[in-house]
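>>> coordinates for the following, if possible.
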Amino acid sequence: MNIVYEIEDFPDPGDRDVYKGIQEINKLNYHEALKHFEKGTSYDNEYAVLFSAIVHFLGSSNKQRDPVKAMNLCKRLASNWKNPVALFLLGSLYYDGDDGVPEDETSGVHWISLAAENGWPYAMVKMGELYQFGFDVKKDHKKAIYWYKKLIKNHDSETDLIKDEKSYLFGNKNFEVDFTRVSQKDWKLVQYCHSQGWVSPVKRGREAYSDVDLHHFSEYQRIYVWNLLTKKKSSGLVASLLGLHTIYLIGGSNVPKNHDTALYWAKMAGENKDAKSCTTIGLMYLYGSSNVKQDYIEAMKWFKKSGDLEDTTGLFYMGQMYYNSLGVKKNYKIALECFRSITTKKEDMNAYYYMAEIYQEGGEEVPQNSKTACFFYGEALKLGNPMAGTRAAALHCKGIEDEKKDELNTIECLRRAALQGCLTAPSLISLIEKDGYEAAKPSILAVLSITPFNNKNL
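Residues are numbered from 1 along each chain as shown. Below is the predicted model:
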């Protein structure tokens, strides 16, 4: 992270200290930065006080966090300048509690609501969430909708993709912030947390990694908090869109269900690059309902958007559609690419199973390969898919290597499938024990005629 602060030709008292402190933050030297910010506070400089509060809240490698000092500085900012960032941080400290700060939800809601009224986007999201779920306020979906829509109306358009241009710390154009140096892994996690409405600098900062000493934040945790204190066009947008989608999808005491409106807000979230929304919309079109007409082409469109955003669920359904030729021509090559992409991100027994099925069947785009199919059946079996064991057993029974080795592998695959709870495997093992392997072969091979995942209705 890098903060660019253009000091004015005729700076206010304390501005030079703010500048020096920012240079130290850019070097990740929070301890030295604090010395400059605290000097600036002696001039009653608003941003010196704010930076001091944040550094006390974040701590440094050689100085423990001090939430109490951060809270007191935020109170000074709230009293003297009604600073919306300080109001938000103060409300979060009270609402979630912290070291030396007991939980006080009533005070927390009070300060967060003031931050929201003063235009801080993540405070608006929090107010929407509180009223949507009835957390420490009376549940009121109309008020939740008010706060979510108030944030959305702050943006240029209600229908187009909101494109971030520059990001400004505290919403102040004197403090341009650049997150491009943050690792891709950490940045994706930060963005995911914010899109889900997890907007507490206190709670999420503390819980980001369960094994981290709460007295010292990691660099990832600091980046998470700095991003919450940055204002850009997309700040809080997706979380608000998802909140509106959920309210209209489920309905409530003072807001009736409206699936068309729910779909509208979900599409807006999807267009603004929320992968889960794209997947949700894809599923709505894939299965259809009384409110949404089944449309495979539209489903594929949204699964592709989700897949482009690296959502594994979207990739899975996209692979299924190419495998089962739903709305598209059957294409084992593209299906295989989808399932393989999933397994590069996580271990997934169903993705491995489909990969095995593709190699077991083979086709124009992917040549049949029983040995490779058995390997992927084995990976699926390890992760708990018992049917993969009987499928691998049938392939070995059909013949992959020498006869004796195939017999041993067939029995071993059946045994492992039985241990995973497969109902077919124990009867096949009993048949081998009773009548011998050769006599049992036709029954084992019959397993290949059962294709439980090749289902046109998914």
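
>>> flag every buried residue along stretch 111-127.
111-116, 118, 120-127 (16 or more other Cβ atoms under 10 Å). The C-beta positions use only the backbone N, C-alpha and C, and glycine is treated the same way.

>>> an error on my part: the question was meant for stretch 227-235.
Buried, per 16+ other Cβ under 10 Å, within stretch 227-235: 227, 228, 229, 230, 231, 232, 234, 235.

>>> coming back round to it: let's see which of the buried residues of stretch 111-127 end up in strands.
Among these, no member is found in strands (DSSP state E).

>>> of the residues you listed, closest to residue 44?
Taking Cβ to Cβ as the measure, residue 44 lies nearest residue 118 of the buried residues of stretch 111-127, at 20.2 Å.

>>> so that closest one sits right up against residue 82, yeah?
Yes: with contacts counted by Cβ atoms under 8 Å, residue 118 reaches residue 82, the gap being 6.2 Å.

>>> thinking again about what came up before, closest to residue 248 out of the buried residues of stretch 111-127?
Relative to residue 248, and with distances defined as Cβ to Cβ, the nearest of these is residue 125, at 17.1 Å.

>>> relative to residue 229, how far out is the closest residue to that closest one other than its chain neighbours?
Excluding its sequence neighbours, the residue lying closest to residue 125 (Cβ to Cβ, 6 or more residues apart in numbering) is residue 236, at 4.2 Å. Applying Cβ to Cβ, to the nearest Å, the value for residue 236 to residue 229 is 12 Å.

>>> next one: residue 91
Counting by Cβ to Cβ - residue 91 and residue 229 are separated by 13 Å.

>>> list residues touching both of those two?
Here residue 91 and residue 229 share no contacting residue, scored by Cβ atoms under 8 Å, 6 or more residues apart in numbering.

>>> what stretches of the stretch 101-250 of the chain score poorly on pLDDT?
Filtered on pLDDT under 70, the stretch 101-250 of the chain yields the residue ranges 154-165, 194-198, 204-216.

>>> how about the strands in it?
Taking DSSP state E, counting those that start in this stretch to define them, one finds strands in the stretch 101-250 of the chain at 167-169, 175-178, 230-231.

>>> give me whichever of those strands is most buried.
strand 230-231 (a mean of 22; mean count of other Cβ atoms under 10 Å).

>>> identify all contacting residues around it.
120, 121, 167, 168, 169, 170, 171, 177.

>>> was I right to think the fifth one contacts residue 2?
No: the pair formed by residue 169 and residue 2 falls short of the contact definition of Cβ under 8 Å, at 10.9 Å.

>>> residues shared between the contacts of these two?
Joint contacts of residue 169 and residue 2 (Cβ under 8 Å, 6+ apart) are residue 177.

>>> now stretch 304-324, how far from the chain's geometric center?
Centre-to-centre, stretch 304-324 and its host chain are 16 Å apart (Cα atoms, centre = their mean, to the nearest Å).

>>> buried sites along that stretch?
Buried residues in stretch 304-324 (16+ other Cβ under 10 Å): 304-307, 309, 311-324.

>>> check the gap between the residue minimising distance to the centre of the chain and residue 249 for me.
The centroid of the chain falls nearest to residue 192 when counting by Cα atoms, centre = their mean (3.7 Å). From residue 192 over to residue 249 the distance is 21 Å, taken as Cβ to Cβ.

>>> show me the residues around residue 323 that make contact.
Contacts of residue 323 (Cβ under 8 Å, 6+ apart): 330, 332, 335, 354, 357, 358, 454.

>>> the second one contacts residue 358, doesn't it?
When you say that, I think you mean residue 332. Yes: using Cβ under 8 Å, residue 332 makes contact with residue 358 at a distance of 4.9 Å.

>>> looking at these two, which is more packed in?
residue 358 (26 against 22; other Cβ atoms under 10 Å).

>>> I'd like to know which elements the helix or strand containing the more buried one is packed against.
Element membership for residue 358, per DSSP states H and E: helix 349-361. On a contact count with 3 or more Cβ pairs under 8 Å, 6 or more residues apart in numbering; DSSP states H and E, helix 349-361 meets helix 312-324, helix 332-345, helix 370-382, helix 386-398.

>>> how long is stretch 171-191 end to end?
Using Cα to Cα, to the nearest Å, one end of stretch 171-191 lies 18 Å from the other.

>>> and the pLDDT at the residue located most distally from the centre of the chain?
Here the centre of the chain is the reference, and by Cα atoms, centre = their mean the most remote residue is residue 435, at 53.4 Å. We have a pLDDT of 95 for residue 435.

>>> 390 is where my numbering starts, stick with that
Understood, numbering begins at 390; the last thing we discussed is residue 824.

>>> any idea how far it lies from residue 681?
Residue 824 sits 53 Å away from residue 681, going by Cβ to Cβ.

>>> now residue 827
Counting by Cβ to Cβ, the gap from residue 827 to residue 681 is 54 Å.

>>> residue 488 now?
Taking Cβ to Cβ, one finds residue 488 at 48 Å from residue 681.

>>> of the two, who's got more company?
More crowded of residue 488 and residue 681, by other Cβ under 10 Å: residue 681, with 18 against 12.

>>> contacting residues for that one?
648, 652, 673, 674.

>>> between those, which sits nearest residue 409?
residue 652 (52.0 Å).

>>> mind giving me the packing neighbours of the helix or strand harbouring the closest one?
Using DSSP H and E, residue 652 falls within helix 648-660. With contacts taken as 3+ Cβ pairs under 8 Å, 6+ apart, helix 648-660 sits against helix 626-639, helix 664-676, helix 685-697.

>>> swap in 6 Å and give it another go.
In terms of contact count using 3 or more Cβ pairs under 6 Å, 6 or more residues apart in numbering; DSSP states H and E, helix 648-660 is assigned the packing partners helix 626-639, helix 664-676.

>>> so how far is stretch 637-652 off the chain centroid?
24 Å.
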